[in-house]
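Colleague: the following block contains a protein sequence and its predicted model.
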Amino acid sequence: MTSQTKPASPVLEIVEAELPAGTVLHLWLKARKIGDEAILSVTLDRSEIAGPSTRRAGEFEFFAVTLGTTGRTVLAYDAETTALSVAYAFHPQTVLEEGIRVLHHDVRTAPPEVPGSYHFRPPFGWMNDPNGFGRFKGLGHLFYQHYPHGLRWNTMHWGHAVSKDLIRWTHLPMFLFPADHLSEKDDGRGGAFSGSAVPVSGPDGDDIRVFYTEHVRDREPEEQIQLSAVSRDGIVAGPSEVILPIRPEGLNLTTDFRDPYVFKGPDGRWKMLLGSRDRSGGVVLLYETADLQGATGWTFLDIIYREDGFGMTAAECPCMLPVGGMADDPETRWALIFGLLTSRDPATGRRNLTSVTVGRFDGRSFTAEFEQELDFGSDAYAFQAFVDGEEPVGIAWLANWTDFSKKDDFPTAMTLPRRVLLDGGAVLTPPVAAVENLRHRLLDETALAAGETVPLESGAVEIVLALPEAGAAFELVLDHPDVALGVRLDDEGLAILFDAGTGKPPPRYLASGARPSQLRIFLDAGSIEVFADNGRWTGTKRIPGFAAARSARLTGAVTGAKIWQLKL
């Protein structure tokens, strides 16, 4: 007697949407286990139009499908054999206005549920450094380091979004993808690392040329090389070409050779900064080209800056821009900004600081005049800026590598965009004027100043304080369910008070000696940002989790205190 076992019925998962003709679908599939074949059926009005499949089980494989007609689109797959990480749809002709429509994301890639939040976050997956921050054809573009298949750092892509005011963002399709061989496994061997973007002339007006580091772990002779690609439509990147295949010789540089930042110098030529390291500490390298397209002819000029403070290793994400004047004016000063990787301030315990140095730049050499810390909260890393009209504007990753763990999910955000101003012997980084458009409703203008406890409702608020004199002492206590949180000004300076209750003494987030007379404090799910005296002292701190601060109470004399509820 023989018996037969019926095959298990497929566990069918369905994703449906009504989509117009010309819509493009971006899909990522992988097999559940080695030996399985992942298959996705794409039907349009009940007729199958595509059946992408892969036997890849180590990492998700990317597929694109274009719809020829309008109709009901159905994605169907057997969840026992097939994993679908992300599926989104967009129409190339309208995506800059409408953005992508996310049809599906895996539970592991889901963004946090923070409907009242006003900081930029990706629509799914991991995010770190801002890349290619700039304005092209009237729209602000933000590219960023992105891993779409989880909330932990892994193989790097470039995500992309656009905005008119740099506050309200529209998510666009994935812009840069890692090389195919880097996506065969989810082992973080490399990918499209940080870089920048500039406008270059094209047949239909300015195109966007991006520059980035391709990193491949253990590649010989170079783990890190520089590539460039052009986008004609501001949506899709064309093929990448290697522009710098090797580090400068004879400088005893480590394999650190990354984060190309390209900008127009005072002599009208394209310049490129790269972060690196030698035996003495971090260095910033300078290249230039006479090619108006920035595609070829990149020549190494010199090491233009060295920094070995606070035990740092490499200089990361260098950025340079004119402050207080136009780039071609010989009297204009230039600000050089970069991250001090692995640095630690022994006085406060803060890690991975960011420095800004102001000086003279003639296109080939940089002469420093003064240096200061960019952010005393130290959670505004990989700061990148561009000249928006006549004024520099920058943005940073609202996190710090010290808090990052490869074993834990680590959802993050970008900081509020900030102006970069020169005021005598200081750099100021106040928020851009458009943040005032976030003010939804005035919650209070009397109770906080009177020492009363004020409920913060959604917790997304701006607190504005005016002090009776510069340096007048106060303490703002913020009731938060997960951490001890507040802001204090006393004889030591201005501090963000933060303790996550881990049992270990937290760093002291202190702007030593600061004596401001006005403050703007922005609270959101997962963050606090403090701007004192128009950004003369700026401090940013990531708060683990996404719980909201519940109330605020102030001690100390003030001449004015307002609390605004914020909302996108």
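Modeller: Alright, I've got the coordinates.

Colleague: how many neighbouring residues does Met326 have?
Modeller: 11 (other CB atoms under 10 Å). To be clear about C-beta, it is placed using only N, CA and C from the backbone, and glycine gets the same treatment.

Colleague: state the distance from it to Phe366.
Modeller: Distance, Met326 to Phe366, by CB to CB, to the nearest Å: 18 Å.

Colleague: flag the shaky bits of this protein, pLDDT-wise.
Modeller: Scanning the chain for pLDDT under 70 picks out 1-9.

Colleague: centroid-nearest residue for it?
Modeller: Pro130 (3.3 Å; CA atoms, centre = their mean).

Colleague: contact partners for it?
Modeller: Applying CB atoms under 8 Å, 6 or more residues apart in numbering to Pro130 gives the contacts Leu142, Phe143, Tyr144, Ala382, Phe383, Gln384, Ile395, Ala396, Trp397, Met414.

Colleague: then Ala547?
Modeller: Ala547 makes contact with Gly459, His480, Pro481, Asp482, Ala525, according to CB under 8 Å, 6+ apart.

Colleague: repeat that for Glu371.
Modeller: Ser355, Val356, Thr357, Val358.

Colleague: do the same with Asp409
Modeller: The contact partners of Asp409, taken as CB under 8 Å, 6+ apart, are Gly150, Leu151, Arg152.

Colleague: wait, the second one sits on Arg108?
Modeller: Yes. Contact status for Leu151 versus Arg108: in contact at 6.8 Å, counting by CB atoms under 8 Å.

Colleague: more neighbours: the two, which one.
Modeller: Between Leu151 and Arg108, counted using other CB under 10 Å, Leu151 has the larger neighbour count: 21 against 13.

Colleague: please report how far that one lies from Asn534.
Modeller: 35 Å.

Colleague: and if you look at Trp270?
Modeller: Taking CB to CB, one finds Trp270 at 32 Å from Asn534.

Colleague: who's more crowded, these two?
Modeller: A side-by-side neighbour count of Trp270 and Asn534, using other CB under 10 Å, places Trp270 first with 23 against 17.

Colleague: and the closest residue to the more buried one other than its chain neighbours, how far from Arg209?
Modeller: Distance criterion CB to CB, 6 or more residues apart in numbering; nearest residue to Trp270, sequence neighbours excluded, is Gly294 at 4.8 Å. From Gly294 across to Arg209, the span is 5 Å (CB to CB).

Colleague: give me the common contacts of those two.
Modeller: With CB under 8 Å, 6+ apart, Gly294 and Arg209 have common neighbours Val198, Val200, Ser228, Val262.

Colleague: tabulate these (TSV), appending distance to Phe370 and secondary structure.
Modeller: Listed next are the shared contacts of Gly294 and Arg209 as TSV, based on distance: CB to CB, whole Å; DSSP: H, G, I helix; E, B strand; the rest coil:
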residue	distance to Phe370	secondary structure
Val198	28	strand
Val200	34	strand
Ser228	34	strand
Val262	25	strand
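
Colleague: between those residues, which has the most around it?
Modeller: Going by other CB under 10 Å, Ser228 tops those with 24 neighbours.

Colleague: does that residue touch Asp207 like I think?
Modeller: No. If you go by CB under 8 Å, Ser228 and Asp207 don't touch, sitting 11.7 Å apart.

Colleague: strands along the stretch 151-300 of the chain, start to end?
Modeller: Assigned by DSSP state E, counting those that start in this stretch, the strands in the stretch 151-300 of the chain fall at 157-163, 170-171, 190-202, 205-216, 224-231, 241-244, 257-264, 270-278, 281-289, 299-307.

Colleague: same check on the stretch 301-450 of the chain?
Modeller: So, for the stretch 301-450 of the chain - with DSSP E, counting those that start in this stretch - the strands run 315-323, 333-340, 354-361, 366-373, 381-388, 391-397, 418-419, 421-423, 426-428, 439-444.

Colleague: now render those strands as a markdown table, adding distance to Leu568.
Modeller: Output for the strands of the stretch 301-450 of the chain, formatted as a markdown table (distance: least, CB to CB, whole Å):
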| stretch | distance to Leu568 |
| --- | --- |
| strand 315-323 | 27 |
| strand 333-340 | 28 |
| strand 354-361 | 27 |
| strand 366-373 | 30 |
| strand 381-388 | 20 |
| strand 391-397 | 16 |
| strand 418-419 | 18 |
| strand 421-423 | 26 |
| strand 426-428 | 26 |
| strand 439-444 | 9 |
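
Colleague: out of those, nearest to Pro239?
Modeller: Of all the strands of the stretch 301-450 of the chain, strand 381-388 sits nearest to Pro239, with 24.3 Å by CB to CB.

Colleague: export that closest one to CSV, keeping only CA atoms.
Modeller: Coordinates of each C-alpha in strand 381-388 appear next as CSV, following Å, rounded to 0.1, in the frame of the first residue of the first chain:
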residue,chain,number,x,y,z
TYR,A,381,27.2,64.2,12.8
ALA,A,382,28.3,64.2,9.1
PHE,A,383,27.1,67.8,8.7
GLN,A,384,26.8,68.8,5.0
ALA,A,385,26.0,72.3,3.7
PHE,A,386,25.6,74.1,0.4
VAL,A,387,25.1,77.8,-0.6
ASP,A,388,21.3,78.2,-1.0
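
Colleague: which helices and strands does that strand pack with?
Modeller: Where contact means 3 or more CB pairs under 8 Å, 6 or more residues apart in numbering; DSSP states H and E, strand 381-388 is packed against strand 126-136, strand 315-323, strand 333-340, strand 391-397.

Colleague: next, format these as CSV and append distance to Leu438.
Modeller: Output for the helices and strands packed on strand 381-388, formatted as CSV (distance: least, CB to CB, whole Å):
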stretch, distance to Leu438
strand 126-136, 20
strand 315-323, 25
strand 333-340, 25
strand 391-397, 16
